[in-house]
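>>> everything below, folded, please.
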Amino acid sequence: MSDYMFMLENHLNAEQSRFVAALQAACAESNTNVFLAGGAMRDMLGGFPIRDLDFVIEGNALKMAKQLAAKSGAAIVFTDDVRKGAELVLPAGDTASVYMARKERFAKSGGKPHVTPATIHEDLRCRDFTVNSIALSLGRASRGLLLDPTNGLADLERRELRAVHNYVLYDDPVRLWRLIRLKVRLGFAIEERTLQQYQNAREAGIENLIPAPMLLEQLRQIAKEPNPAETLRAFDDEKLLAPIAQFLTGPKLNLAGFAKLLKARQLVPFGIEFRVNPFPLFLFLFTERLTPKERTTIFKAVGIKRADTEAVSRMELKSRKLETALKSARLQKPSQIYEVLSPERGEYILFLYLRTGQRLVQDRIRNYLQKYLPAALEINEKDIEAEGLKPGTPKFAKRKAEKIAVRLDTRVKKPAPAPEPELVAAGAGRRPA
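All right, here's what the predicted structure looks like:
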């Protein structure tokens, strides 16, 4: 096993590992070359958590995506007929993309690209920034081979963002947003010539040519950022939000609301799996300080879908019901609070923590995240299997719930304090009456 494959295995969670194995097996059967590339490689080599899996296939990527969805249980949520690829959501919520190795040529800034099949080397040389132009072969014949035609690994070490070629920002103006977003998240500097390209593109007003679907996708990416407030502040400083609406600046950005969300998310202990769909939370806070007319303007500018607004409404409704349940005086034990909160989606819990005016509700959510959830994860499912119960069955789930309840409700008794030495010495010389 190469060092890079070992590094990859240590960066993937269980679900991501299963998906990678399924993809490798499918590509081996069809004798197709497959590579991990883009942001996944950048994050792995840069020492950051892998947020999304990005795969490139020298072949029919759409067909492969459909096969993977059928075998792995992943759902295809978006297909791109131009770039010949698909976006998938894995059963537990992780995301992956499977795209054809391709070359893209742009007749005009912001226009639809002319896409042709290509080799992986040609694909990497047509990308945006060098740190995104690294790939790792997952194929049987060359597994573990690192491909870095633009020297992106050196730029990762220098902590620099460098454009692959001189027309990167002009070809696809959404890369202006991506450049600033990555600068904030990674803490990298922008290489001198790339910075000059950025300034020239801004003087030419290239940001106004970004299509609405691309703006919406970038908002989804900002929602996933560890600190959306910091990213939005940088966008405001650069006046990059103007293509959405001129009024989207200053207090209208609700940076204070995003700062509260960051504190709420920090309640979740590191390493604890807590699934959150970030976009409904982001969309609510992003539009919270806007008038109804301004909100409509924003939705039209980026093409907000009905499913997204319905997700926000559903989050608000569910959180109100959850608040009623958590206020109940009948909740006397930690296991009862855990039973109420554990089935709920992460965004509902965080939203309620942000919006409730009830101190009791906030305290119970805080205890759930910091005490009850970590304690429940200490229950070893192998011990339940040893009792003869099969995972996935109702009896297994019932037994696990019982063990969690006992674990949460059993308080460890504190040992009796040792007597003071002076008292021991004084009592030693006494005789019983």
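>>> may I see the buried residues of stretch 144-156?
Under the neighbour-count criterion of 16 or more other CB atoms under 10 Å, stretch 144-156 has 144, 147, 148, 149, 150, 152, 153, 155, 156 buried. C-betas here are computed from N, CA, C, even on glycine.
>>> just give the number of residues close to residue 113.
Neighbourhood size, residue 113 [other CB atoms under 10 Å]: 16.
>>> surely it and residue 84 touch.
No: contact between residue 113 and residue 84 fails when scored by CB atoms under 8 Å: they sit 11.6 Å apart.
>>> so how far is residue 111 from the closest residue in space to residue 176 that isn't next to it in sequence?
Once flanking residues are discounted, residue 176 sits nearest to residue 207: 5.3 Å by CB to CB, 6 or more residues apart in numbering. Computed as CB to CB, to the nearest Å, the residue 207 to residue 111 distance reads 15 Å.
>>> what's next to the strand or helix carrying residue 24, contact-wise?
Counting by DSSP states H and E, the element that carries residue 24 is helix 14-29. Helix 14-29 is contacted by residues 8-9, 12, 32-34, 36, 50, 53, 55, 57, 64, 67-68, 71-72, 74, 90-92, 94, 96, 98, 138-140 when judged by CB atoms under 8 Å, 6 or more residues apart in numbering.
>>> redo that, cut-off 6 Å
34, 67, 71, 72, 90, 92, 94, 138, 140 (CB atoms under 6 Å, 6 or more residues apart in numbering).
>>> kindly report the same for stretch 222-241.
With CB under 6 Å, 6+ apart as the criterion, stretch 222-241 contacts 180-181, 184-185, 248-249, 253, 255, 258-259, 262, 278-279, 282.
>>> list the buried residues for that stretch?
Applying 16+ other CB under 10 Å to stretch 222-241 flags 222-223, 225, 227-232, 235-236, 238, 240-241 as buried.
>>> just put those in TSV and tack on pLDDT, distance to residue 316 and secondary structure.
Below are those laid out as TSV (pLDDT from 0 to 100; distance: CB to CB, whole Å; DSSP: H, G, I helix; E, B strand; the rest coil):
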residue	pLDDT	distance to residue 316	secondary structure
222	95	21	helix
223	95	17	helix
225	91	23	coil
227	92	24	coil
228	95	19	helix
229	95	21	helix
230	96	26	helix
231	96	24	helix
232	96	22	helix
235	96	26	helix
236	96	26	helix
238	95	32	coil
240	95	29	coil
241	94	25	coil
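>>> nearest to residue 3 among those?
residue 225 (29.4 Å; CB to CB).
>>> which of the contacts of helix 14-29 has the most neighbours?
Neighbour max across these (other CB under 10 Å) = residue 34, 29 neighbours.
>>> just the pLDDT for the nearest residue to that one once chain neighbours are set aside.
Closest residue in space to residue 34, ignoring its immediate chain neighbours: residue 27 at 4.3 Å, by CB to CB, 6+ apart. pLDDT, residue 27: 90.
>>> kindly report the same for residue 251.
The predicted local confidence for residue 251 is 90.
>>> tell me how far it lies from residue 291.
13 Å.
>>> okay, those two: which has more neighbours?
More crowded of residue 251 and residue 291, by other CB under 10 Å: residue 291, with 11 against 8.
>>> that older thread, the residue nearest to residue 176: neighbouring residues, count only.
21.
>>> and what of residue 114?
Count around residue 114 with other CB under 10 Å applied: 11.
>>> where does confidence bottom out across the contacts of helix 14-29?
Among these, residue 92 has the lowest pLDDT, at 76.
>>> who are the contact partners of it?
residue 15 are the contacts of residue 92 under CB under 6 Å, 6+ apart.
>>> quick check: it is in a helix.
No: using DSSP: H, G, I helix; E, B strand; the rest coil, the assignment for residue 92 is coil, not a helix.
>>> please report phi then psi for it.
The phi/psi pair for residue 92 (degrees, to the nearest 10) reads phi -90, psi 0.
>>> what sits closest to residue 143 if chain neighbours are left out?
Closest to residue 143 by CB to CB, 6+ apart is residue 137, at 6.0 Å.
>>> ditto for residue 268
Nearest to residue 268 is residue 274, by CB to CB, 6+ apart, at 4.7 Å.
>>> same thing with residue 279?
Per CB to CB, 6+ apart, closest to residue 279 is residue 223, 4.7 Å.
>>> the one you found and residue 74: what is the separation?
21 Å.
>>> just the buried residues of the longest helix along the chain, please?
For the chain, the helix with the greatest residue count under DSSP state H is helix 306-326. Buried residues in helix 306-326, counting neighbours by 16+ other CB under 10 Å, are found at 308, 311, 312, 315, 318, 319, 322, 323, 325, 326.
>>> can I assume residue 87 sits in a helix?
No: the assignment for residue 87, made by three-state DSSP, is strand rather than a helix.
>>> and it, what does it touch?
So residue 87 contacts 77, 78, 97 (CB under 6 Å, 6+ apart).
>>> Produce a PyMOL select command limited to the buried residues of these.
Of the contacts of residue 87, the buried ones go into a single PyMOL selection, burial set by 16+ other CB under 10 Å:
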select buried, resi 97
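>>> residue 348: which of the contacts of residue 87 is nearest?
Out of those, the member with the shortest distance to residue 348 (by CB to CB) is residue 77, at 20.7 Å.
>>> that closest one belongs to a helix?
No: Residue 77 is assigned strand when assessed by three-state DSSP, not a helix.
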